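Novice: Sequence and computational prediction follow.
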Amino acid sequence: MGNLDVALKNAMSIDGAIGAALVDYTSGMTLGVAGGTGEIEDILITLGSQYHLIRPLSNRTGKGLFLYLMVSKSRANLAMARHQLRVIEETLEL
């Protein structure tokens, strides 16, 4: 795993980096981690013309669930979309 340690160290040398990990997406197993991060607020995936937002639910009854929103880059305001997802999460009753 020497190469993994070097890769994670190099990732952590990127300006502003506070955490890095190598994860097997098939099993979900973490192979290596460096630094640390807080609780996930949301995950952003960018495509050529779209933003995909994943917001894990943080309340007790929503553990293990997430909201998934796809918006058009040309029509959406990313900051407002994130804000509105946060509001939806706060008002969601399961």
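Specialist: Sure, I can see it.
Novice: Show me the domain layout of this protein.
Specialist: The chain breaks down by automatic domain parsing into domains covering 2-35, 43-91.
Novice: In a markdown table, list the ones you listed along with mean neighbour count.
Specialist: Every C-beta, even on glycine, is put in place using the N, C-alpha and C of the backbone. Below are these laid out as a markdown table (neighbours: other C-beta atoms under 10 Å):
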| stretch | mean neighbour count |
| --- | --- |
| domain 2-35 | 11 |
| domain 43-91 | 12 |
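Novice: Could I get the average pLDDT for stretch 75-87?
Specialist: Average pLDDT, stretch 75-87: 94.
Novice: any residues touching it, and which ones?
Specialist: Asp42, Leu44, Tyr51, Leu53, Arg55, Leu67, Leu69, Val71 (C-beta atoms under 8 Å, 6 or more residues apart in numbering).
Novice: and the longest helix for the chain?
Specialist: Across the chain, the helix with the greatest residue count (assigned by DSSP state H) is helix 78-91.
Novice: I'd like the distance from that helix to the chain centre, please.
Specialist: Put simply, helix 78-91 sits 15 Å off its chain's centre (C-alpha atoms, centre = their mean, to the nearest Å).
Novice: Dump that helix to PDB, restricted to CA.
Specialist: Extracted C-alpha coordinates of helix 78-91, given in PDB (Å, rounded to 0.1, in the frame of the first residue of the first chain):
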ATOM      1  CA  LEU A  78     -26.700  26.100  -7.700                       C
ATOM      2  CA  ALA A  79     -26.600  28.000  -4.300                       C
ATOM      3  CA  MET A  80     -30.400  28.300  -4.300                       C
ATOM      4  CA  ALA A  81     -30.900  24.600  -5.300                       C
ATOM      5  CA  ARG A  82     -28.700  23.600  -2.300                       C
ATOM      6  CA  HIS A  83     -30.500  26.000   0.000                       C
ATOM      7  CA  GLN A  84     -33.900  24.700  -1.100                       C
ATOM      8  CA  LEU A  85     -32.900  21.100  -0.700                       C
ATOM      9  CA  ARG A  86     -31.800  21.900   2.900                       C
ATOM     10  CA  VAL A  87     -35.200  23.500   3.600                       C
ATOM     11  CA  ILE A  88     -37.000  20.500   2.100                       C
ATOM     12  CA  GLU A  89     -34.900  18.200   4.300                       C
ATOM     13  CA  GLU A  90     -35.800  20.200   7.400                       C
ATOM     14  CA  THR A  91     -39.500  20.000   6.700                       C
END
